[in-house]
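Engineer: sequence unknown, structure follows:
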Ligand code: LLX
Ligand code: CA
Ligand code: ZN
């Protein structure tokens, strides 16, 4: 029996796959390079770059690519990486291969923390250049006021350090993007909702009052990376400009959302960031292969929606996440939120790899209740009070003189006007290009997965 509002198949084909919410319509740019999903950490490694390909399919399956500016990103150069990383480390990363690994001088692998977590896999430097290039391109779109929100799901590698990789992260695209934003923006707020402590980003900006870093994460002193207790609050000029929200296993939707909003609201009002970078690691979801929280996709998304509601320019990046089908669901849902679009729960019909999303074929299946919630009401209230006390130390936003001679007058997009024009045209012709890319990718992925 057909329902009251059932439609024939022709009508269904032309129905929009999304519904618009309120009337704030930010310009959103989406920075991708399909190549980045083809790299391989190794069969037993939990990081699966093909989660990005699943995300791309879902995003375009819902038609979201039609309402954003798409940018195929260029690779970051070694010189750009050296704005944060040491020349020695970048040079090593650009030369090392699985084949020449055994011929390196003794102690090199230990020096650069190479091992099971951070293996050397084929074309590791190109991989790092691609996701870093995407975050840099995204930061340029915001700086040039060509976007209000810029998204790079391939970025968010918050553990990488100046001289070494850490926790699967090689080049810290977040630190590099923030350094770029600081050329124009007096105050940058970094918000990290990955399951893990955003240690690499915190460390890089620990002594400055121009970047406020806040990370929500599992903490017990042992859980990777072992840092991020509430007493790490910054030093020197950066004293009180770092905040950590250590949590126990099993936190649920309501506790997380309430805590997040009650801290982020006064923080934004007091620090008055001129731009926000949000890291949206998906390993904080329930049922993540390496995770221990109970968050549902809608709760994670609610944190993104809340930050967006302040109307401050945002750079949004990915992060951890080890159950690829849920990572892609989450980042698609959040791409919808950032575009002010509510996506239907039922996944689109024409979705490649649709079988990976069964048996529910839903955008937000229930992911909670796997772990016991070890965060008591009292524990959460104590954390909240501590965090609010830290915000009170801020005494308003630091004012920064943006030196006229340091502000380039030229466009810093890294592209000429002609190139910008070309990209615009490419975006218009994008439909064909994407279909071809998707075809090619599918063929490659079939080889990898099956
Ligand atoms: N937290 C995180 C964020 C981004 C990436 C990797 C991580 N690392 C982990 O989640 C982790 C888990 C267990 C042990 C150690 C680290 C990341 C994102 C994209 C590409 C590469 C890394
Ligand atoms: Ca975090
Ligand atoms: Zn993580």
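Structural biologist: Sure thing, it's come through. Keep in mind that this is a model prediction, so the values were computed, not measured. Ligands and ions are numbered 1, 2, ... in the order given.
Engineer: Next, give phi and psi for residue 373.
Structural biologist: phi -80, psi 110 (degrees, to the nearest 10).
Engineer: Could you find the closest non-adjacent residue to it?
Structural biologist: Among residues not flanking residue 373 along the chain, residue 250 sits closest, at 4.1 Å (C-beta to C-beta, 6 or more residues apart in numbering). Every residue, glycine included, has its C-beta placed from N, CA and C.
Engineer: Roughly how far does that neighbour sit from ligand 1?
Structural biologist: Applying C-beta to the nearest ligand atom, to the nearest Å, the value for residue 250 to ligand 1 is 18 Å.
Engineer: And that residue, how far from residue 367?
Structural biologist: Counting by C-beta to C-beta, to the nearest Å, the separation of residue 250 from residue 367 is 12 Å.
Engineer: intersection of neighbour lists for those two?
Structural biologist: The contact sets of residue 250 and residue 367 overlap at residue 294 (C-beta atoms under 8 Å, 6 or more residues apart in numbering).
Engineer: out of those two, which sits in the busier spot?
Structural biologist: Shown here are residue 250 and residue 367; by other C-beta atoms under 10 Å, residue 367 has more neighbours (24 against 19).
Engineer: For that one, which non-adjacent residue is closest in space?
Structural biologist: In space, residue 367 is closest to residue 286, 3.6 Å off (C-beta to C-beta, 6+ apart).
Engineer: doesn't residue 368 make contact with that neighbour?
Structural biologist: Yes: here residue 286 lies in contact with residue 368, judged by C-beta atoms under 8 Å, at a distance of 5.0 Å.
Engineer: which residues are common contacts for the two?
Structural biologist: In contact with both residue 286 and residue 368: 294-296, using C-beta under 8 Å, 6+ apart.
Engineer: ranking the residues you listed by neighbours, who comes first?
Structural biologist: The residue in the shared contacts of residue 286 and residue 368 with the most neighbours, by other C-beta under 10 Å, is residue 295 (29 neighbours).
Engineer: contacting residues for that one?
Structural biologist: Per C-beta under 8 Å, 6+ apart, neighbours of residue 295: 251-253, 256, 284-286, 367-368.
Engineer: for residue 78, same thing?
Structural biologist: 90-91, 94.
Engineer: Looking at those, spot the one nearest residue 147.
Structural biologist: residue 90 (27.9 Å; C-beta to C-beta).
Engineer: From residue 164, how far out is the closest one?
Structural biologist: Taking C-beta to C-beta, one finds residue 90 at 11 Å from residue 164.
Engineer: Over to residue 244?
Structural biologist: Counting by C-beta to C-beta, the gap from residue 244 to residue 164 is 22 Å.
Engineer: same thing with residue 209?
Structural biologist: For residue 209 relative to residue 164 (C-beta to C-beta), the value is 27 Å.
Engineer: near ligand 3, which residues of the stretch 301-450 of the chain show up?
Structural biologist: residue 320 (C-beta under 5 Å from the ion).
Engineer: Let me know whether residue 205 touches residue 214 as I believe.
Structural biologist: No: between residue 205 and residue 214 there is no contact under C-beta under 8 Å: 11.5 Å.
Engineer: which residues are in contact with both of the two?
Structural biologist: Taking C-beta under 8 Å, 6+ apart as the contact rule, residue 205 and residue 214 both touch 190, 242.
Engineer: any chance you could map the helices in this protein?
Structural biologist: With DSSP state H as the criterion, the chain has helices at 9-14, 51-61, 78-81, 87-95, 108-111, 124-143, 173-181, 199-204, 253-271, 297-308, 324-338, 377-392, 417-428, 430-449.
Engineer: Enumerate the positions of the third one that are buried.
Structural biologist: By that I understand helix 78-81. 80-81 (16 or more other C-beta atoms under 10 Å).
Engineer: ok, back up a step: out of the helices of the chain, nearest to residue 69?
Structural biologist: Set against residue 69 and scored by C-beta to C-beta, the helices of the chain come closest in helix 417-428, at 5.9 Å.
Engineer: same question for that closest one, mean pLDDT?
Structural biologist: Mean pLDDT, computed over helix 417-428, is 55.
Engineer: any idea how far the closest residue to ligand 3 within the stretch 251-400 of the chain is from residue 377?
Structural biologist: Residue nearest to ligand 3 within the stretch 251-400 of the chain (C-beta to the ion): residue 320, separated by 2.7 Å. Residue 320 is 28 Å from residue 377, where distance means C-beta to C-beta.
Engineer: neighbour-wise, which of these two wins?
Structural biologist: Per other C-beta under 10 Å, whichever of residue 320 and residue 377 has more neighbours is residue 320, with 28 against 8.
Engineer: what's near enough to touch that one?
Structural biologist: 156, 168, 194-196, 281-283, 288, 290.
Engineer: before we move on, what about residue 163?
Structural biologist: So residue 163 contacts 85-86, 88-89, 112 (C-beta under 8 Å, 6+ apart).
Engineer: now do residue 248
Structural biologist: Neighbour list for residue 248: 218, 220, 374-375, 379 [criterion: C-beta under 8 Å, 6+ apart].
Engineer: switch the cut-off to 7 Å
Structural biologist: For residue 248, the contact set (C-beta atoms under 7 Å, 6 or more residues apart in numbering) comprises 374-375, 379.
Engineer: returning to that earlier point: how about the residue nearest to residue 367, what does it touch?
Structural biologist: Counted by C-beta under 7 Å, 6+ apart, residue 286 has contacts 293-296, 367-368, 370.
Engineer: Point out the residues in the stretch 301-450 of the chain that sit beside ligand 1.
Structural biologist: Residues of the stretch 301-450 of the chain found near ligand 1 (C-beta under 6 Å from any ligand atom) are 319-320.
Engineer: Quick check: the residue of the stretch 301-450 of the chain at minimum distance from ligand 1 vs residue 330, distance?
Structural biologist: Relative to ligand 1, the nearest point of the stretch 301-450 of the chain is residue 320 (3.0 Å; C-beta to the nearest ligand atom). Residue 320 sits 11 Å away from residue 330, taking C-beta to C-beta as the criterion.
Engineer: intersection of neighbour lists for the two?
Structural biologist: residue 282.
Engineer: Can you tell me which of the contacts of residue 248 are buried?
Structural biologist: residue 375.
Engineer: can you list the contacts of residue 248 in CSV and add distance to residue 81?
Structural biologist: Output for these, formatted as CSV (distance: C-beta to C-beta, whole Å):
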residue, distance to residue 81
374, 39
375, 38
379, 40
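Engineer: Determine whether any part of stretch 205-214 lies close to ligand 2.
Structural biologist: No: Stretch 205-214 is not in contact with ligand 2 by C-beta under 5 Å from the ion; minimum separation 8.7 Å.
Engineer: hmm, who's touching that stretch?
Structural biologist: When contacts are defined by C-beta under 7 Å, 6+ apart, stretch 205-214 is touched by residues 178, 182, 186-192, 198, 201-202, 234-238, 241-243, 267, 271, 273, 398, 400.
Engineer: Take those and, keeping just the buried ones, write it as a PyMOL select command.
Structural biologist: To isolate the buried ones among the contacts of stretch 205-214 in PyMOL, judged by 16+ other C-beta under 10 Å, type:
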select buried, resi 178+182+186+187+188+189+190+191+192+198+201+202+234+238+241+242+243+267+271+273+398
